[in-house]
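Novice: structure, please.
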Amino acid sequence: MTNSDVEFGLDTFGDVTHDPNGQPEGYAQVIRNVIKEAVLADEVGIDFFGIGEHHREDFAISTPETVLAAIATVTDRIKLGSAVTVLSSDDPVRVFQRFATVDAASNGRAEVILGRGSFTESFPLFGYSLDDYETLFEEKVELFAQLLDQQPVTWSGTTRAPLTGQRVFPLVEKGSLKTWLGVGGSPNSVIRAAQYGLPLMLAIIGGSPYRFAPYVDLYRQALEKLNQPTLPVGVHSPGYIGQTDAEAKAEFWPHYRAMRDRIGRERGWGPVTEREFEAEIDQGSLYVGSPDTVAAKLAPVIETLGIQRFQLKYSIGTMPHESLMRSIKLYGQEVVPAVKAKIATLAAA
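Specialist: You can find the predicted model right below:
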């Protein structure tokens, strides 16, 4: 598996956007807009469209697979998945059933990215204790990995009822449901992905992307020691594309600042400064700028980390739908071809 195999995706959390008058869109309209964004992504050649799960007032999508099923009916080729599914506060059997159903509706295009999520609202909402944070994830990943074999399952743990030789339906029509493990920077989680033979998706949302190279190396080494086949590694990072660097930054900054400061107040962070914003674009994991600028930054990251997929988290807080559509179009029509050309040049050098 080489970098010539790289795929390009787009991720959204269904952020509650503002209309042209600066007023929040209704949740239903945001969901309809996300479907339109996925259709455009399919039209401009993007490989993957991911939807994250959240249970907060600033995000409209709590059931990604429902929206993905709707998208499946109006797209032709784009792969459809979660970004991520919070497995700890869900039931692995139901998650498998729902994504197997999306796979059927999309004619084999469904994927799921399992993770812990960056927020914890789902735990009290569904009756789980944060005291069981580690156990919930460990046990449920173990069960989900067994479900992927689509054979009778015998399993027992502390987080759900046991299974004894039971099968789960519907079956995936062709092969197995492609399942990634989303990781935010924990070596133990990297090893867990290798143990279960799951592709690795790294969420790199701040700081230099190159600092994640040891995690990629650790994953590759673990796969080899465990006699697992070579598996893909992906990266999820935020960004926005405009016609020029100045335009992209000017459009992105106020929405980035509002979102970052809103979450920061919850987590005890200080207000973000424009200097920090610029530094994250220049040296960190914000891919904001013109198509040429974003492509020039992205190509060496893909080449150095040796990844097989890059997923741009294109939605950013209150950024209007119309702006997101322009960014998607530029990403698919200009950034992706430029990155592929640069990777080919780097590989030949």
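
Novice: and the residue sitting nearest the centre point of the chain, what is it in contact with?
Specialist: By CA atoms, centre = their mean, the mean C-alpha position of the chain lies nearest to Ala83, the distance being 3.3 Å. When the contact criterion is CB atoms under 8 Å, 6 or more residues apart in numbering, the partners of Ala83 are Asp11, Thr12, Phe13, Gly50, Ile51, Gly52, Pro64, Ile113, Gly182, His236, Gln311, Lys313. No exception for glycine: its C-beta is placed from N, CA and C like everyone else's.

Novice: nearest to Tyr133 among those?
Specialist: Using CB to CB, Gly182 is the member of the contacts of Ala83 that lies nearest Tyr133, at 15.3 Å.

Novice: quick one: the strands in the stretch 201-349 of the chain, in order.
Specialist: All strands of the stretch 201-349 of the chain, identified by DSSP state E, counting those that start in this stretch, fall at 233-241, 287-289, 309-313.

Novice: so for the shortest one, mean pLDDT?
Specialist: Just to be clear, that refers to strand 287-289. If you average the pLDDT over strand 287-289, you get 98.

Novice: ok, it: who's next to it in the sheet?
Specialist: In the sheet, strand 287-289 lines up against strand 233-241 (parallel) (DSSP bridges).

Novice: report the angle between the partner strand and strand 309-313.
Specialist: Between the axes of strand 233-241 and strand 309-313, defined by axes from the mean of the first three to the mean of the last three CA atoms, to 10 degrees, the angle is 40 degrees.

Novice: can I get strand 233-241 in PDB? Just the C-alpha atoms.
Specialist: The C-alpha atoms that make up strand 233-241 are tabulated as PDB, following Å, rounded to 0.1, in the frame of the first residue of the first chain:
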ATOM      1  CA  VAL A 233      -3.900   5.000   8.000                       C
ATOM      2  CA  GLY A 234      -6.000   8.100   7.700                       C
ATOM      3  CA  VAL A 235      -5.900  11.600   9.100                       C
ATOM      4  CA  HIS A 236      -8.800  13.900  10.000                       C
ATOM      5  CA  SER A 237      -8.000  17.700  10.300                       C
ATOM      6  CA  PRO A 238      -9.900  20.900  10.000                       C
ATOM      7  CA  GLY A 239      -9.600  23.400   7.100                       C
ATOM      8  CA  TYR A 240     -11.300  25.700   4.600                       C
ATOM      9  CA  ILE A 241     -10.400  26.700   1.100                       C
END
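
Novice: in a markdown table: the strands of the stretch 201-349 of the chain, plus distance to Glu7.
Specialist: Conversion of these to a markdown table gives the following (distance: least, CB to CB, whole Å):
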| stretch | distance to Glu7 |
| --- | --- |
| strand 233-241 | 8 |
| strand 287-289 | 16 |
| strand 309-313 | 4 |
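
Novice: can you redo those as JSON lines with mean neighbour count?
Specialist: Written out in JSON lines, the entries for these read as follows (neighbours: other CB atoms under 10 Å):
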{"stretch": "strand 233-241", "mean neighbour count": "25"}
{"stretch": "strand 287-289", "mean neighbour count": "26"}
{"stretch": "strand 309-313", "mean neighbour count": "24"}
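
Novice: rewinding a little: nearest to Arg267 among the contacts of Ala83?
Specialist: Proximity of the contacts of Ala83 to Arg267, judged by CB to CB, is greatest for Phe13, which lies at 16.7 Å.

Novice: tell me who's in contact with that closest one.
Specialist: Neighbour list for Phe13: Ile51, Gly52, His54, Phe59, Ile61, Ala83, Lys313, Ser315 [criterion: CB under 8 Å, 6+ apart].

Novice: out of the residues you listed, who has the most neighbours?
Specialist: Neighbours were tallied for each of the contacts of Phe13 (criterion: other CB atoms under 10 Å), and the maximum of 31 neighbours falls on Ser315.

Novice: wait, what's in contact with that residue?
Specialist: With contacts taken as CB under 8 Å, 6+ apart, Ser315 has the following neighbours: Asp11, Thr12, Phe13, Gly14, Asp15, Thr17, Leu324.

Novice: would you agree Glu111 is in contact with Leu80?
Specialist: Yes. Under the criterion of CB atoms under 8 Å, Glu111 lies in contact with Leu80, with a separation of 7.0 Å.

Novice: give me the pLDDT for Gly242.
Specialist: Reading off the confidence values, Gly242 has pLDDT 98.

Novice: could you do Gln228 as well?
Specialist: With respect to pLDDT, Gln228 scores 96.

Novice: kindly report the same for the one 5 residues further on.
Specialist: The predicted structure scores Val233 at 98 on the pLDDT scale.

Novice: can you pull out the residues in contact with stretch 256-266?
Specialist: With CB under 8 Å, 6+ apart as the test, stretch 256-266 has contacts from Asp15, Asp58, Trp269, Gly270, Pro271, Val272, Phe277, Leu286, Ile316, Gly317, Thr318.

Novice: so how far is it from its chain's centroid?
Specialist: Here the centre of stretch 256-266 is set off from its chain's centre by 20 Å, with CA atoms, centre = their mean, to the nearest Å.

Novice: just the CA trace of it, in CSV.
Specialist: What follows is the C-alpha trace of stretch 256-266 in CSV, where atoms were taken according to Å, rounded to 0.1, in the frame of the first residue of the first chain:
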residue,chain,number,x,y,z
TYR,A,256,-13.3,29.5,14.1
ARG,A,257,-12.9,32.0,16.9
ALA,A,258,-16.5,31.7,18.0
MET,A,259,-16.4,27.9,18.1
ARG,A,260,-13.0,27.7,19.7
ASP,A,261,-13.9,30.2,22.4
ARG,A,262,-17.3,28.5,23.1
ILE,A,263,-15.7,25.2,23.7
GLY,A,264,-12.8,26.8,25.5
ARG,A,265,-15.2,28.3,28.1
GLU,A,266,-16.5,24.8,28.8
